[in-house]
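Novice: structure for this input, please:
(2 chains)
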There are 2 protein chains.
Amino acid sequence: MNVEFINPFLASMLNVMSTMAQMELSPEKPKLKKDEVAMGDVSGLIGMVSDQAKGSLSITFEGPLAIATMKNMVGEGPDEINEEITDLVGEITNMVTGGAKRMLSEKGIEFDMATPMVVSGNNHTIHHKAEGPVVIIPLNSPHGKAFIEFSFDK
Amino acid sequence: MNVEFINPFLASMLNVMSTMAQMELSPEKPKLKKDEVAMGDVSGLIGMVSDQAKGSLSITFEGPLAIATMKNMVGEGPDEINEEITDLVGEITNMVTGGAKRMLSEKGIEFDMATPMVVSGNNHTIHHKAEGPVVIIPLNSPHGKAFIEFSFDK
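Specialist: Presented below is the predicted three-dimensional model:
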């Protein structure tokens, strides 16, 4: 099931970052996470539940990319990760998941979203503990990297 | 609504830590998180969804407490946060939430759990972005602190 989710989450992420912040990200090829570790400074996380599957999604940003995204949106940004940035990352996580949810709904895959959480802390990593494989999509920009990661049971 | 959730989550956490790892934690008074920040080295996070409410829960451990918990359970533990520890923290998060779910179900409050995620990284903080207030319960032990935090929409 996880592979079907790649394009909706990726397309939604590129769309949200482009329309909200005129930030064009260049995705790398999606991978199954094994030894691969996405490390970043601020991450949005959200749980998803349906009758068909349960899972989790995270979007991890390197600090400079999160700050540049805020600057693109509102004309100025803080020098470090603060509550404005964690609010923004929570909102991006919600919008990306909501966009993917709409695309998946058209294919007959429905799920409910929990509320987002945001982690801040230099060089943290996220471990998805669903039973399925973890898909990781690295995204490049001149300001730093972002990573989409998700996993579903079954 | 958030206040009703305090006792089930707290009782479940104390029970899981005591029965799994003979680890007796001393809870402090629950607080509403405002300037209060729970900082730790490894956190389990989980999303919750129901018709009545959506929310998120996190359990944050200081590194030495997570490692001591592993040592109590299996007789030995690693020197630092590794995948064994993140697996354990994911499992604890699942069991605590499952225990609270059963207690809340008896009161007529039902929710579905997403799959757990675990964050590792020194001195990270978790920000719950549900609309309701964030409840934080600090827990003390000789090995370090843990924090339960949760928030629900509405």
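
Novice: mind checking the SS state of the residue of chain A found nearest chain B?
Specialist: For chain A, the residue closest to chain B is residue A:47, as judged by Cβ to the nearest Cβ, at 2.0 Å. In this view, the C-beta of every residue, glycine as well, is placed from N, C-alpha and C. Here residue A:47 is recorded as strand under DSSP: H, G, I helix; E, B strand; the rest coil.

Novice: and it, how far from residue B:140?
Specialist: Separation of residue A:47 from residue B:140 (Cβ to Cβ, to the nearest Å) stands at 28 Å.

Novice: which strand residues bridge residue A:141?
Specialist: Beta bridges link residue A:141 to residue A:144, judged by DSSP bridges.

Novice: and the residue of chain A closest to chain B, how many residues sit next to it?
Specialist: 32 (other Cβ atoms under 10 Å in any protein chain shown).

Novice: is the helix or strand containing residue A:8 anywhere near chain B?
Specialist: Using DSSP states H and E, residue A:8 falls within helix A:2-21. No: counting by Cβ under 8 Å from any Cβ of the partner chain, no contacts exist between helix A:2-21 and chain B, the nearest distance being 12.3 Å.

Novice: who touches that helix?
Specialist: Helix A:2-21 is touched from outside by A:23-25, A:27, A:30, A:57, A:59, A:69-70, A:72-73, A:92, A:95-100, A:103-104, A:107, A:109, A:132-133, A:135, A:137, A:139, A:146, A:148, A:150-152, with contacts defined as Cβ atoms under 8 Å, 6 or more residues apart in numbering or on different chains.

Novice: please name the nearest non-neighbouring residue to the residue nearest to the spatial centre of chain A.
Specialist: For chain A, the residue nearest the mean C-alpha position is residue A:59 (2.5 Å; Cα atoms, centre = their mean). Closest residue to residue A:59 apart from its sequence neighbours, by Cβ to Cβ, 6 or more residues apart in numbering or on different chains: residue A:44 at 4.9 Å.

Novice: ok so that neighbour is a strand residue?
Specialist: Yes: counting by three-state DSSP, residue A:44 falls inside a strand.

Novice: so what's it up against?
Specialist: Applying Cβ under 8 Å, 6+ apart, we find residue A:44 in contact with A:58-59, A:89-90, A:92-94, A:116-118.

Novice: make a markdown table from the residues you listed and add secondary structure and pLDDT to it.
Specialist: Converted to a markdown table, these look like this (DSSP: H, G, I helix; E, B strand; the rest coil; pLDDT from 0 to 100):
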| residue | secondary structure | pLDDT |
| --- | --- | --- |
| A:58 | strand | 98 |
| A:59 | strand | 98 |
| A:89 | helix | 98 |
| A:90 | helix | 97 |
| A:92 | helix | 98 |
| A:93 | helix | 98 |
| A:94 | helix | 97 |
| A:116 | coil | 97 |
| A:117 | strand | 97 |
| A:118 | strand | 97 |
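
Novice: of those residues, grab the buried ones for PyMOL.
Specialist: To isolate the buried ones among those in PyMOL, judged by 16 or more other Cβ atoms under 10 Å in any protein chain shown, type:
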select buried, chain A and resi 58+59+89+90+92+93+94+116+117+118
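
Novice: what pairs with the helix or strand of chain A with the lowest mean pLDDT, parallel or antiparallel?
Specialist: Least confident helix or strand, chain A: strand A:31-32 with a mean of 90, by mean pLDDT, DSSP states H and E. The pairing partners recorded for strand A:31-32 under DSSP bridges are strand A:135-141 (antiparallel).

Novice: restrict the strand it pairs with to CA atoms and write it as CSV.
Specialist: Only the C-alpha atoms of strand A:135-141 are listed here, as CSV (Å, rounded to 0.1, in the frame of the first residue of the first chain):
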residue,chain,number,x,y,z
VAL,A,135,9.1,5.6,2.5
ILE,A,136,11.4,8.6,2.5
ILE,A,137,11.5,11.3,-0.2
PRO,A,138,14.4,13.8,0.1
LEU,A,139,13.7,17.3,-1.4
ASN,A,140,16.4,19.8,-2.2
SER,A,141,16.4,23.6,-2.3
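
Novice: list the buried residues for it?
Specialist: A:135-139, A:141.

Novice: sketch out the low-pLDDT regions of chain A for me.
Specialist: For chain A, the stretches with pLDDT under 70 are A:1-2, A:35, A:154.

Novice: near chain B, which residues of it?
Specialist: Chain A comes close to chain B at residues A:43, A:45-49, A:54-56, A:58, A:83, A:86-87, A:90, A:94, A:112-131, A:151-153, as judged by Cβ under 8 Å from any Cβ.
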